[in-house]
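Participant: build me a model:
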Amino acid sequence: MFSSLPKIVYKYRDWTECNHRKIVSHRQLYIASPKDFNDPFDCRITHNFGLLNSDKKIKEYVRVLGDRNRENLATQGQRPEDYADEIFNSIKDNKEEEQKNWDIHTFKMQDDHYGIVSLSAIWDSILMWGHYARNHTGFCVGFNEERLQNSRLFGKGGMVKYRNEFPKVNPIEDYTPQAGFRQTHTKALDWDYEKEYRLFKLFTTKPTKPEDRIVELDKSFYSEIVIGLKFPDDQVDTIMEIAKDIGVPLYRTKQIPFKFKLTRERVA
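Facilitator: Now for the predicted structure:
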């Protein structure tokens, strides 16, 4: 559907939630940890040790791992040969336990250091308005994708790819930027309706506190604001003033008669 990146990417929000309103009232964007996602598979695409199904492949993996940890081994005074033997025997004798330990370590690292901003390429998803904007009573903020991408506030950004099959991540070959992008930007096909665009940020501080995950944006990042079908009438003036202050148009969604589709009209 999207052969190139969308010009505007959207965040659906609940107007009744104070922290959600801050995305426009305080121009704050929150960079979430994977542990807070509603999809238990998200950012949980891990090395598949089942692919190390021969001594030759295990040895190659151990060699790659040794090369990556050479400096740490030297600091710890551990001989590379001893390290290689230990890892080889551990994988060969108890692959399931090695897989479990790897996953625990990796997922904890991701929860502490990964940051994801989940956005959408579309503003008119009936499901998204229902799920993330409090049953169409909330609002949707449109951001300039190019401005976000070039801001240096985040790392890699792009569209999520949806698949039926769980990706097979070969432990030997998984140390490339492309592999890392696949792990953070791949989700089950069930989520395809979201048309998700996401930004990734790697936090180097530990532990990462909630306040570390807040990014303040200037007005140039914003493109538009859209309010839902059932956005409360007594709050329209308030969000209209916010849109005016930011300098972006405000739209209100409307139902297209006799169709399961949304349109919108400009109100300010």
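
Participant: how close does Ile239 sit to Gly138?
Facilitator: Separation of Ile239 from Gly138 (C-beta to C-beta, to the nearest Å): 10 Å. Every residue, glycine included, has its C-beta placed from N, CA and C.

Participant: need the residues touching each of those two.
Facilitator: Counting by C-beta atoms under 8 Å, 6 or more residues apart in numbering, the common neighbours of Ile239 and Gly138 are 15, 227, 231.

Participant: neighbour-wise, which of those residues leads?
Facilitator: When neighbours are counted by other C-beta atoms under 10 Å, Ile227 leads the shared contacts of Ile239 and Gly138 with 25 neighbours.

Participant: can I see the domain layout of this structure?
Facilitator: If you go by automatic domain parsing, the domain ranges for the chain are 8-36+117-266, 49-111.

Participant: name the helices or strands packed onto the helix or strand containing Gly66?
Facilitator: Using DSSP states H and E, Gly66 sits in helix 55-68. Secondary structure elements in contact with helix 55-68, counted by 3 or more C-beta pairs under 8 Å, 6 or more residues apart in numbering; DSSP states H and E, are helix 80-93.

Participant: which one of the domains of the chain lies nearest to Cys43?
Facilitator: domain 8-36+117-266 (3.9 Å; C-beta to C-beta).

Participant: CA atoms only for stretch 198-206, dumped as PDB, please.
Facilitator: In PDB, the C-alpha atoms belonging to stretch 198-206 read as follows (Å, rounded to 0.1, in the frame of the first residue of the first chain):
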ATOM      1  CA  ARG A 198       7.400   3.600  14.000                       C
ATOM      2  CA  LEU A 199      10.400   5.400  15.200                       C
ATOM      3  CA  PHE A 200      13.100   3.700  17.200                       C
ATOM      4  CA  LYS A 201      15.500   5.100  19.900                       C
ATOM      5  CA  LEU A 202      18.200   3.400  21.800                       C
ATOM      6  CA  PHE A 203      18.700   4.600  25.300                       C
ATOM      7  CA  THR A 204      22.200   4.300  26.700                       C
ATOM      8  CA  THR A 205      21.400   5.300  30.300                       C
ATOM      9  CA  LYS A 206      20.300   2.600  32.800                       C
END
